[in-house]
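> my questions are about this predicted structure, shown below with the sequence.
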There are 2 protein chains.
Amino acid sequence: MIERANELRQRGLRLTPQRELVLRAVRELGHATPEEVAESVRKSHPGINLSTIYRNLETLENVGLVKHAHLGHGGATYHAADEAGHLHLVCEDCGSVGDAPLESAANFVANLIGDYGFETDVTHFAIYGTCANCSKK
Amino acid sequence: MIERANELRQRGLRLTPQRELVLRAVRELGHATPEEVAESVRKSHPGINLSTIYRNLETLENVGLVKHAHLGHGGATYHAADEAGHLHLVCEDCGSVGDAPLESAANFVANLIGDYGFETDVTHFAIYGTCANCSKK
DNA sequence: TGCCACTTGCAAATAGCTTGCAGTACTTCA
DNA sequence: TGAAGTACTGCAAGCTATTTGCAAGTGGCA
Ligand SMILES: [Mn+2]
Ligand SMILES: [Mn+2]
Ligand SMILES: [Zn+2]
Ligand SMILES: [Zn+2]
């Protein structure tokens, strides 16, 4: 369910079955590409079109229910907005995606504000590098 | 000139006019997309094909003369390898790209190694946020 | 119940990048 | 220096991810 269905209606937007399915899929999947969202949604609603997925992800993001992040060289992935508050540690070797709390970066963020007045959103792009496993080899 | 033309030949690669033009363009432009490199190169060599640009960027990256980074939602941008050692502060509002020294992140990088054994390359993806100018508004 | 702006599915278009191929041009080695 | 081998290039076609136009469908309020 979308608790904030109001947020949609207040903007003149509607709560369609497709829109709700897209949101549910994003919530269940954690980090999902549009393609993965489509695959998930189609289990219960096979006819849904990819363009509908893209349009709804955009709409849900505008309303603030969903956010996107960039975890690799390719396209974006989507999160539920309320679980978006973590870093993504992406391994360039094995491709694994680890999470880390925002506090790991608190210091860094403070540096950039102090030195450049730059307010960082550390969650939007991946933190790229080599994971512990791959470093050993 | 490519001082390390040897590095190419040692690998059985050749130093063609196109390859040299691509490297020169990357060096002059600072942060350039393949499309921008093409545009620049075509000023003196109009016939050069985009696929030649892509293939040479890849080759030059394999040899270690250029590197790519991801500064926005779209494609990659290329640097000369020797000026790649800095953070990219990308403003989500105005799109400006500021540079910051690696030291700004030294602390952060140390945290991630300590806590997760994760070795970060902070230069590969942009640091995303709001620049000083845009924050004021 | 009826209207109407918002949505959807579908097809076509676009953007960015990659690949196959045949001709060109370096390099190496008699 | 000429032949042979391999790298490189331009061009056209192909791909993948995403966007757009449009006509038909529908949620939500009167
Ligand atoms: Mn990359
Ligand atoms: Mn983004
Ligand atoms: Zn790894
Ligand atoms: Zn800005």
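Happy to help now that I have it. Ligands and ions are numbered 1, 2, ... in the order given.

> can you tell me the closest non-neighbouring residue to residue A:64?
The shortest distance from residue A:64 to any non-neighbouring residue, by C-beta to C-beta, 6 or more residues apart in numbering or on different chains, is to residue A:81 (5.8 Å). For every residue, glycine as well, the C-beta is placed using N, CA and C.

> how near is that neighbour to DNA strand D?
Going from residue A:81 to DNA strand D by C-beta to the nearest atom of the strand, to the nearest Å gives 19 Å.

> do residue A:6 as well
Using C-beta to the nearest atom of the strand, we find residue A:6 at a distance of 9 Å from DNA strand D.

> tell me the confidence at that residue?
Looking at residue A:6, its pLDDT reads 78.

> what residue spans form the domains of chain A?
Chain A breaks down by automatic domain parsing into domains covering A:2-81, A:85-136.

> so what's residue A:79 bridging to?
residue A:67 (DSSP bridges).

> give the full set of residues in contact with the residue nearest to residue A:64.
Residues in contact with residue A:81 (C-beta atoms under 8 Å, 6 or more residues apart in numbering or on different chains) are A:64-67.

> who wins for neighbours among these?
The most crowded member of the contacts of residue A:81, judged by other C-beta atoms under 10 Å in any protein chain shown, is residue A:66 (24 neighbours).

> hang on, the earlier thing: possible to save the contacts of residue A:81 as CSV with pLDDT and distance to DNA strand D?
What follows is these, written out as CSV (pLDDT from 0 to 100; distance: C-beta to the nearest atom of the strand, whole Å):
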residue, pLDDT, distance to DNA strand D
A:64, 93, 17
A:65, 94, 14
A:66, 95, 14
A:67, 95, 15
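
> that'll do, ta.
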